[in-house]
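S.K.: starting from these lines, generate the structure:
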Amino acid sequence: MSVDHSKPNLSQSQAADIVKKHYKLTPSHLRSLPSYDDQNFCIETVEGGEYVLKIMNLVHTKDPTLIELQTYAMNFLHENGLPTQTAQKTTIGQVMFLEAIDCGYGLQKYLVRLLTYLPGIPIANIPSSPQLLYEVGRTAANMDNVLNKMEHPQLSALQRDGFIWSLSNIPLLLKYINVLDGDPLLEVVKSVLHQYKTVVAPQSSSFRTCLIHGDFNDLNVLVQADDSNGHKISGLIDFGDMSFGYYVFELAITITYMMLEHSNPIEVGGPILAGWESVFPLNAAERDCLFWLVLSRLCQSLVIARYSVTLHPENEEYLMISSKKGIPILHKFFEMGKDQVEKVWFQSAAQFKDRN
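M.R.: The predicted structure follows:
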């Protein structure tokens, strides 16, 4: 099967028919939402609700257990006060189902869900104040605390041992590092991988384990205006990278991505760390490894993006969005060094705690 045919390509009328048939809802307005792997429609209904219809690609469709766990986690978080989407049940009580659809190359079965629509815009689209970054850190820690209490008979499927985006699998980047041949960043990436092996890995037995979102980035956190001319968090989306890992991984990932659109990236870590530790204080090993975990995520983003471009050169612009913004940060932080960056983060976090 051609890789190009993995992604669904439904027409608006096909999407509307699915909603009518399985949910007995009448769409009044449909619009496409951006997605690289799957297909998403925002649907307003005559009955008054607003939803996101998600049609999974053929690869994800073959792993329904993973999709079921992600859906269950969103519902569980919502029940515990987090602003996540929830899956709507079909007329026969299903939260997801297989639908045979012809997208122009024969009938194929795709996994389909209808999720509630969350208001807001990605936090990437606004200047993030220190107070909002504090709330991002606090929300991420609260989310992981709730996920850590979740029970499900198939939870072990989220171990995802070979998952390339897990920070546990940083050593796997060595298999793809030749995509940086000739790039001055190659030596920086090699140095970071060495620090991971010699500093992070030996201390990982002291990290606290947890089920993590794994992709708490600036496009997956939604915000809307609040009453004080600022912004508040209104939505947490995209649980596709959820897996078992460590609390400190979630924190490192959050800091990494919240830096990408910030005018002064080094100012991001302190408020997020303060918000995180208001819920879940780091231990000595987690604190000592945070800098190298952030740089490891920047390297991960760069190497995987470059490798993906070799497979899909036509999508280079999309694939390189995050890593291009991360390159100058990786350069600067590596040059500054662990002690200097940590000093800024930890002093800022301490001052923030005193104010809150």
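
S.K.: and T310, what is it in contact with?
M.R.: Under the criterion of CB atoms under 8 Å, 6 or more residues apart in numbering, the contact list for T310 reads V179. For the C-beta atoms, the positions are set from N, CA and C on the backbone; glycine is no exception.

S.K.: could you measure from it over to I266?
M.R.: With the distance defined as CB to CB, to the nearest Å, T310 ends up 32 Å from I266.

S.K.: would you agree V112 is in contact with A100?
M.R.: No. The pair V112 / A100 is not scored as a contact, 10.6 Å apart, by CB atoms under 8 Å.

S.K.: quick one, which of the two is more surrounded?
M.R.: V112 (24 against 9; other CB atoms under 10 Å).

S.K.: show me what the more buried one is bridged to.
M.R.: The residues listed as beta-bridge partners of V112 by DSSP bridges are I55, F97.

S.K.: residue contacts, it?
M.R.: I18, H22, L53, K54, I55, M56, M96, F97, L98, E99 are the contacts of V112 under CB under 8 Å, 6+ apart.

S.K.: which of the residues in the helix or strand the last one falls within are buried?
M.R.: For E99, the host element (DSSP states H and E) is strand 97-102. Across strand 97-102, burial judged by 16 or more other CB atoms under 10 Å covers F97, E99, I101.

S.K.: show me what that strand is packed up against.
M.R.: helix 12-23, strand 107-116 (3 or more CB pairs under 8 Å, 6 or more residues apart in numbering; DSSP states H and E).

S.K.: quick one, which of the ones you listed gets closest to S128.
M.R.: Of all the helices and strands packed on strand 97-102, strand 107-116 sits nearest to S128, with 25.2 Å by CB to CB.

S.K.: could you give the angle of the closest one to helix 12-23?
M.R.: Using axes from the mean of the first three to the mean of the last three CA atoms, to 10 degrees, the interaxial angle of strand 107-116 with respect to helix 12-23 works out to 70 degrees.

S.K.: circling back: dump the strand holding E99 to CSV, keeping only the CA atoms.
M.R.: Presented in CSV, the C-alpha positions along strand 97-102 are these (Å, rounded to 0.1, in the frame of the first residue of the first chain):
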residue,chain,number,x,y,z
PHE,A,97,-15.7,2.6,15.5
LEU,A,98,-14.4,1.3,12.1
GLU,A,99,-15.9,2.8,9.0
ALA,A,100,-15.4,1.6,5.5
ILE,A,101,-14.7,4.7,3.4
ASP,A,102,-13.6,5.2,-0.2
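
S.K.: give me the pLDDT value at the closest residue to V200 other than its chain neighbours.
M.R.: Using CB to CB, 6 or more residues apart in numbering and skipping residues adjacent in sequence, the residue nearest V200 is C289, 4.7 Å away. The pLDDT attached to C289 in the predicted structure is 98.

S.K.: how close does C289 get to S206?
M.R.: Per CB to CB, C289 is found 9 Å from S206.

S.K.: rewinding a little: check contacts around the residue nearest to V200.
M.R.: Under the criterion of CB under 8 Å, 6+ apart, the contact list for C289 reads V199, V200, Q203, S204, F207, V248.

S.K.: try T254
M.R.: By CB under 8 Å, 6+ apart, the contact list for T254 reads V136, G137, A140, F216, I272, W276.

S.K.: who does the helix or strand where C210 lies pair up with?
M.R.: Secondary structure from DSSP H and E places C210 in strand 209-212. Strand pairing for strand 209-212, determined by DSSP bridges: strand 243-246 (antiparallel).

S.K.: work out the gap between the strand it pairs with and the centre of the chain.
M.R.: When distances are taken as CA atoms, centre = their mean, to the nearest Å, strand 243-246 is centred 13 Å away from the chain's centroid.

S.K.: and stretch 12-21, by the same measure?
M.R.: 28 Å.
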